[in-house]
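>>> here is a sequence together with a model predicted from it:
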Amino acid sequence: MNKDMESLRNILGKARRICVLTGAGVSAESGVPTFRGDAGIWKNHNPMDLATPQAFDRDPELVWEFYAWRRMRMREVAPNPAHFALAALERIAPHFTLITQNVDGLHQSAGSENVLEIHGSIWTLRCPHCGAEEENREPDLPPLPRCADCGGLLRPGVVWFGEPLDARVWDRAVTVISECEVFLSVGTSALVQPAASLALAAQNVGAVTAEVNPEPTEQTEAMDYAFTGKAGILLPGLVPEQNA
Ligand code: BJW
Ligand code: ZN
C-alpha cells in the first residue's frame, strides 16, 4: 500500500480523467455529522424509521421533522478545505467528475461544477404523486409541505434505503468511472451500495485508486494508495501546483 502523497499528487497532475467519490466524512470538518460511528446520526436515530419510503408513508411528520432539523444545521455550515481542494483539483484536471453521496450541497458552494449527487439533495423537494420537483432553501418549511401542482405531500429529494438511485445520474457515474484513470474515495465508510461498488468498477478499468479516511474501511486494503487522516488536512496536499 502506497502512502506517498507526492507520488499521487504527480499522478493527479498528469491524469486526464479523474473521478472522486465523496461521503459524509468530507463535510465532517464543516460540522455536518456523519451517519455511522459513535458520533454518527444512526447512533441515536434508526434509519429504518427515518430514511425509507415506508417510514415516510407511516409517519411523514416524524421524517420531515428529522429533515427540517438537518436542513437547519446544514444552512449554518460552510465548505471546509477538503471541499475547496476538490474544487481546485477540478480546475486543473482536463476531465473531472465529483460523485458525491452527500446531500448538503457544500461541494457546489466551494465551487465544484461537475457534481453528480447520487443520493439527491436536501435542498430539493419532490412530489411522489405527480413527480414535480422544486428547489427550496427556506429555513421555515411548513411541517408537511404540499405540492403547488397537485396538492400532494412533498418529500425530501434524497434517496432512501430500498430506493433506486436516479437512473440518469447513476448511469452517468458508471460511465465516467468506466473512463477514469484515477479514482479517489474520500470520507466514506464504503458500506452503502451501489455507491461503494464504484471503487471496484474503477479498479476493473485499471484506474489508480486512492482513499482518504481517518479510519480503515473494507476497501482500504484493495486501494493503490491509502492516506489515514482528515480530508480537510490531507486533500490540500494532494492538489498539484497549477503550473507545475
Ligand atoms: C472522515 C472524516 C474526515 C469521518 N475526513 N473522512 C438491507 C435492507 C435494506 C437495504 C439494503 C439491505 N442490504 C443492502 C441494502 C441496499 C442498501 C445498502 O447498501 N445498505 C447497506 C447499509 C447494507 N442500499 C440502498 O438501499 C440503495 N438503493 C438500492 O440499493 O436500490 C436498489 C433498488 C433497485 C431497484 C428498485 C428498488 C431498489 C440506496 C441507498 C441510499 C442511502 N441513503 C442515505 C440517506 C440519504 C439521505 C439523507 O442524507 O438523509 O445516504 S443513508 C447514508 O449512507 C447517506 C449516505 O450518503 C450513505 C453513505 O454514508 P457515508 O457517506 O459513507 O457516511 P458514513 O457515516 O457511513 O461514513 C463516514 C466516513 O467518513 C467514515 O468512514 C469516517 O471514518 C470518515 N470520516 N471524519 C475524512 N474529517
Ligand atoms: Zn404534485
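Arrived safely, thanks for sending. Residues are numbered from 1 along each chain as shown. Ligands and ions are numbered 1, 2, ... in the order given.
>>> could you pull up phi and psi at residue 222?
Phi and psi for residue 222, reported as degrees, to the nearest 10, are phi -80, psi -10.
>>> is residue 118 in contact with residue 101, as I believe?
Yes. With contact defined as C-beta atoms under 8 Å, residue 118 reaches residue 101; the gap is 6.1 Å. (Each C-beta comes from the backbone N, C-alpha and C, glycine too.)
>>> what's the following helix or strand after the longest helix anywhere in the chain?
Criterion DSSP state H: the longest helix present in the chain is helix 60-75. Remark: after helix 60-75, the chain's next helix or strand is helix 81-92, criterion DSSP states H and E.
>>> show the contacting residues for the residue lying closest to residue 87 once chain neighbours are set aside.
With C-beta to C-beta, 6 or more residues apart in numbering as the criterion, residue 87 has its nearest non-adjacent residue at 3.8 Å, and that residue is residue 111. The contact partners of residue 111, taken as C-beta atoms under 8 Å, 6 or more residues apart in numbering, are 84, 87, 90.
>>> ok, now with 10 Å
79, 83, 84, 86, 87, 88, 90, 91 (C-beta atoms under 10 Å, 6 or more residues apart in numbering).
>>> quick one: buried ones out of the residues you listed?
Among those, the ones that count as buried by 16 or more other C-beta atoms under 10 Å are 79, 83, 84, 86, 87, 88, 90.
>>> tell me which residues in stretch 88-98 are buried?
Buried-residue list, stretch 88-98, by 16+ other C-beta under 10 Å: 88, 89, 90, 92, 93, 96, 97, 98.
>>> quick check: the last one touching residue 82?
No. Using C-beta atoms under 10 Å, residue 98 is not in contact with residue 82; the gap is 11.6 Å.
>>> which residues do the two both contact?
22, 26, 107, 186.
>>> burial of the second one, as a residue count?
This means residue 26. By the criterion of other C-beta atoms under 10 Å, residue 26 has 34 neighbours.
>>> backbone phi and psi for it, please?
Backbone geometry at residue 26, expressed as degrees, to the nearest 10, gives phi -70, psi -30.
>>> most widely separated two among the buried residues of stretch 88-98?
Greatest spacing in those, by C-beta to C-beta: 88 and 97 (15.2 Å).
>>> is stretch 51-65 anywhere near ligand 1?
Yes. Applying C-beta under 6 Å from any ligand atom, one finds stretch 51-65 touching ligand 1 at residue 51.
>>> for that stretch, buried residues please.
Quick answer for stretch 51-65 (16+ other C-beta under 10 Å): 51, 52, 55, 56, 60, 63, 64.
>>> from the chain's centroid, how far away is that stretch?
Counting by C-alpha atoms, centre = their mean, to the nearest Å, stretch 51-65 is centred 22 Å from the centre of its parent chain.
>>> what does this protein have sitting close to ligand 2?
Contact residues (C-beta under 5 Å from the ion) of the chain with ligand 2: 127, 129, 130, 132, 147, 149, 150, 152.
>>> who's in contact with the fifth one?
Listed by C-beta under 10 Å, 6+ apart, the contact partners of residue 147 are 125-134, 153-155.
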